[in-house]
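S.K.: Fold the following and give me the result.
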Amino acid sequence: MAVEKYDVVVVGAGPVGLTLSTCLQRWGYKIKHIDNRPGPTPTGRADGIQPRSLDLLQNMGLKRQIMTHEPAKVYEVAFWDPNSQGIHRTGTWASCPKFIDARYPFTTLLHQGLIERVFIEDIEKHGGQIQRPWTITGFQNDGKDPHYPVEVSLAHVDGTLSETVRAKYLFSGEGARSFVRDQLGVKIHHKDPIAHVWGVMDGVVRTDFPDIKMKCTIHSDAGSIMVIPRENNMVRLYIQIASSTDPDWNPRKSATPEEVQARAKEILKPYTISWDRVEWFSVYPIGQGIAERYTLDERVFMGGDVCHTHSPKAGQGMNTAFLDAVNLAWKIHHVESGFASREILKTYESERKLIAENLLNFDAKYAKLFSSRIPSAGEVAGATTSTSSTPMANEPTENEFVKTFKESCEFTSGYGVAYNPNTINWSSTHPAQSPLFLSYQKGTTLRTGRILIPATVTRVVDANVVHLEQEVPLNGSYRMYVFAGKPGRTNKAFKDLATYMSAPTSFYSSFMYKDTSVDRYHETHNPHSSFISICTVFNAPRSQIHIKEMLPGILAGYRDHVYADDVWDLRVPDAKAAAHTKMGLSEEDGGIVVVRPDGYVGCVVKLVEGKEPCEALDSYFGVLLGKKLGGERATL
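M.R.: Take a look at the predicted model:
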């Protein structure tokens, strides 16, 4: 019997596996996706979706489905510290402070199973399925089939059925206990010995504690608690139950729900709490671990908890998993579509491992401070007074824990992710060089390897005010934003760009659809090529922008992606063209911003007359493809 062949075999249907599957299923790949559980996560586990992840879910078209479950939203965090009566509130702080330019400045809280179901429905809608309860029993990259080099053995968990398939790629999203990682011999490095054991409990409570609907960090002389509000009137409590400073310290200490509830009652004094019901309960030691490698051969990959384990306090596990998956998905897609050389797959590990290392360093510090006893107000003179010269009621005491929390807000929101320079993220050491490339603080406020700054503009075709960074969905395409400056001033530069892009070997023409017989008139995002989508932004009122007259041929094909930069923005109140200004580009002369399919800036190029802007783009994309682009003269 012929062996079934798949583009990717995905093992594990947690957040990382589901996100990878969702992307690749939508982009037309044949996926075999198994999970060893009978169904989605029934209760508990991860629950926090950070602001940057909400952007991503919106870009995937899945945010609305998440929000139908009416998750709790955290806008502020309250800090509670010990005093002579037990505990008192020392201040509050924004969950996602205003200095972070976020569309959704809150954390969304919803149990993991409901989030998984949203992804599963999308996978099924696009013709895929999760095969349950099945597990992986073996694999090898034996290369016997050059196109499908990985052999994967799978079996039903009860041992009654088994099958062997071949795949181009195998992905492990199995969680912390990974068969694939063990078989590869990849070790997990732990930062420090386990020093704390915590209990976590989801349930419905009765309490006179005033901030039970807020996210709270509570330090008392009896221990620490983190309060997380949840959907359906539930609350999650993380409760400290053991520490390495205890005389009877045991890192494998366990506890019953009743024991953990008793500890919570002690910590919350003088307030009272009781439980109407407990939906989920678990005990876990806090440890920070990271895998040495995410892949050995760019054929068998790992992501999510297989690669990094840490405390749940910072609410990063599922969010890091989403970004692992999207990072890998578009790179596999570009290799398999001929848009990039296989070298690009090496950047998955280098980019995502760096982010995991940053997360673990932060989490180790944060978890340690969370578990440490904080001196009471009586022990520290003036501890309840504000550190600012004008005390404010909501200004928390600046102990080390609060300082760390504040410093980490950009990182925990997801907007602090910064990938290092490499072949995709242009820098002064990139193989592609031209005086037209702009770098951070040298012609642009954008940093390559960081998320595109959000901007609000008016779409010309229908006068809708829209979020520019959300206009192209997560469809596997690069996004090119041509900030066209003042019409009249940039006309020639703009037309020259379009002319040189239409040359047969340019970065644009090289990937145009081969089959021209297909009617793509109604293709909003990819009328000419699935490699790239193009948005044009003019510094002019919408009424003065005429697409047919002002846009040369190939750019006019993207008529639904032409915008007026005429929406005022609080962050740049004096700007005449806020989107241009936020990107640090000249309002008069504009510029070109290339954004990777996952939303991170790849390069920024000056918009000038002549062939040089297109040549700079050709050289940038040529590095990704591993061959020279451009070079042929366009017909002017």
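
S.K.: any idea which helix or strand of the protein has the worst average confidence?
M.R.: Lowest by mean pLDDT, DSSP states H and E among the helices and strands of the chain is helix 400-407, with a mean of 77.

S.K.: gap between the lengthiest helix in the chain and the chain center?
M.R.: Assignment by DSSP state H gives helix 346-371 as the longest helix of the chain. In terms of C-alpha atoms, centre = their mean, to the nearest Å, the centre of helix 346-371 is found 14 Å from the chain centre.

S.K.: Thr164 is in contact with Val3, correct?
M.R.: Yes: the pair Val3 / Thr164 is scored as a contact, 6.2 Å apart, by C-beta atoms under 8 Å. Bear in mind the C-beta positions are built from the backbone N, C-alpha and C, glycine included.

S.K.: Count the residues that sit near Glu471.
M.R.: Close neighbours of Glu471, defined as other C-beta atoms under 10 Å, add up to 19.

S.K.: quick one: it and Val562, what's the gap?
M.R.: Computed as C-beta to C-beta, to the nearest Å, the Glu471 to Val562 distance reads 10 Å.

S.K.: ok, now Gly304?
M.R.: Here Gly304 is placed at a distance of 39 Å from Val562 (C-beta to C-beta).

S.K.: Got phi/psi on the residue nearest to Met226 when sequence neighbours are not counted?
M.R.: The shortest distance from Met226 to any non-neighbouring residue, by C-beta to C-beta, 6 or more residues apart in numbering, is to Tyr238 (4.1 Å). The phi and psi torsions at Tyr238 (degrees, to the nearest 10) take the values phi -100, psi 120.

S.K.: Likewise for the one 5 residues further on?
M.R.: Ser243 adopts backbone torsions of phi -140, psi 150, taken as degrees, to the nearest 10.

S.K.: Neighbours of the residue nearest to Met226, how many?
M.R.: Applying other C-beta under 10 Å, I find that Tyr238 has 21 neighbouring residues.

S.K.: now swap in His147 and tell me
M.R.: The local packing of His147 (other C-beta under 10 Å) involves 7 other residues.

S.K.: show me what contacts it?
M.R.: Contact analysis of His147 by C-beta atoms under 8 Å, 6 or more residues apart in numbering lists 5, 168.

S.K.: For Ala167, see how far away it is.
M.R.: For His147, the distance to Ala167 equals 10 Å [C-beta to C-beta].

S.K.: try Pro454
M.R.: 38 Å.

S.K.: Just want to know which of these two has more residues nearby.
M.R.: Ala167 (26 against 18).

S.K.: what kind of secondary structure is that one in?
M.R.: strand (DSSP: H, G, I helix; E, B strand; the rest coil).

S.K.: Which positions are bridged to it in the beta structure?
M.R.: Beta-bridge pairing of Ala167, defined through DSSP bridges, involves Tyr6, Val150.

S.K.: contacting residues around it?
M.R.: Applying C-beta under 8 Å, 6+ apart to Ala167 gives the contacts 5-9, 32, 148, 150, 152.

S.K.: Which two of the residues you listed have the greatest separation?
M.R.: Farthest pair in the contacts of Ala167 (C-beta to C-beta) is Asp7 and Val152. Separation: 12.3 Å.

S.K.: Okay, helices next: where are they in the stretch 351-500 of the chain?
M.R.: 400-407, 409-413, 491-501 (DSSP state H, counting those that start in this stretch).

S.K.: now the stretch 201-350 of the chain
M.R.: Using DSSP H, counting those that start in this stretch, the helices of the stretch 201-350 of the chain run over residues 257-268, 317-336, 346-371.

S.K.: swap in the stretch 51-200 of the chain?
M.R.: Listed in chain order, the helices of the stretch 51-200 of the chain (DSSP H, counting those that start in this stretch) span residues 51-59, 63-67, 112-125, 179-184.

S.K.: so of those, which one's packed in deepest?
M.R.: For the helices of the stretch 51-200 of the chain, average neighbour numbers computed from mean count of other C-beta atoms under 10 Å are highest in helix 51-59, which has a mean of 23.

S.K.: what's that helix packed up against?
M.R.: If you count contacts as 3 or more C-beta pairs under 8 Å, 6 or more residues apart in numbering; DSSP states H and E, helix 51-59 packs onto helix 63-67, helix 317-336.

S.K.: so which of these is the most packed in?
M.R.: Counting by mean count of other C-beta under 10 Å, the most buried of the helices and strands packed on helix 51-59 turns out to be helix 317-336, with a mean of 25.

S.K.: For it, output the C-alpha coordinates as CSV.
M.R.: Taking C-alpha atoms only, helix 317-336 is exported to CSV below (Å, rounded to 0.1, in the frame of the first residue of the first chain):
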residue,chain,number,x,y,z
GLY,A,317,3.4,30.8,27.7
MET,A,318,0.6,30.8,25.2
ASN,A,319,1.6,34.2,23.7
THR,A,320,5.2,33.0,23.1
ALA,A,321,3.7,29.8,21.5
PHE,A,322,1.6,31.9,19.1
LEU,A,323,4.6,33.8,17.9
ASP,A,324,6.8,30.6,17.6
ALA,A,325,4.2,29.1,15.3
VAL,A,326,3.6,32.2,13.1
ASN,A,327,7.4,32.7,12.7
LEU,A,328,7.9,29.2,11.5
ALA,A,329,4.7,29.0,9.4
TRP,A,330,5.6,31.8,7.0
LYS,A,331,9.2,30.7,6.6
ILE,A,332,8.1,27.1,5.6
HIS,A,333,5.5,28.7,3.3
HIS,A,334,8.2,30.9,1.6
VAL,A,335,10.6,28.0,1.1
GLU,A,336,7.9,25.7,-0.3
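
S.K.: That one vs helix 112-125, what angle?
M.R.: Counting by axes from the mean of the first three to the mean of the last three C-alpha atoms, to 10 degrees, helix 317-336 points 20 degrees away from the direction of helix 112-125.

S.K.: by contact count, what packs against helix 317-336?
M.R.: helix 15-26, strand 48-49, helix 51-59, strand 162-172, helix 346-371.

S.K.: buried sites along the last one?
M.R.: This means helix 346-371. Within helix 346-371, the residues scored as buried using 16 or more other C-beta atoms under 10 Å are 347-349, 351-353, 355-356, 359-360, 362-371.

S.K.: for the fourth one, same thing?
M.R.: If you call a residue buried by 16+ other C-beta under 10 Å, then strand 162-172 has these buried ones: 165-172.

S.K.: Using CSV, please lay out those residues together with pLDDT and distance to Phe437.
M.R.: Listed next are these as CSV, based on pLDDT from 0 to 100; distance: C-beta to C-beta, whole Å:
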residue, pLDDT, distance to Phe437
Val165, 98, 44
Arg166, 98, 42
Ala167, 98, 38
Lys168, 98, 34
Tyr169, 98, 33
Leu170, 98, 37
Phe171, 98, 34
Ser172, 98, 37
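
S.K.: which one of these sits closest to Ile100?
M.R.: Distance to Ile100 across those (C-beta to C-beta) is lowest for Phe171, with 31.4 Å.

S.K.: can I assume that closest one is in contact with Gly17?
M.R.: Yes: in this structure, Phe171 is within contact of Gly17 by C-beta under 8 Å, at 6.9 Å.

S.K.: Quick check: neighbours shared by those two?
M.R.: Listed as contacting both Phe171 and Gly17 by C-beta under 8 Å, 6+ apart are 10-11.

S.K.: hey, least reliable of the helices and strands packed on helix 317-336 by pLDDT?
M.R.: Of all those, the minimum mean pLDDT falls on helix 346-371 (a mean of 87).
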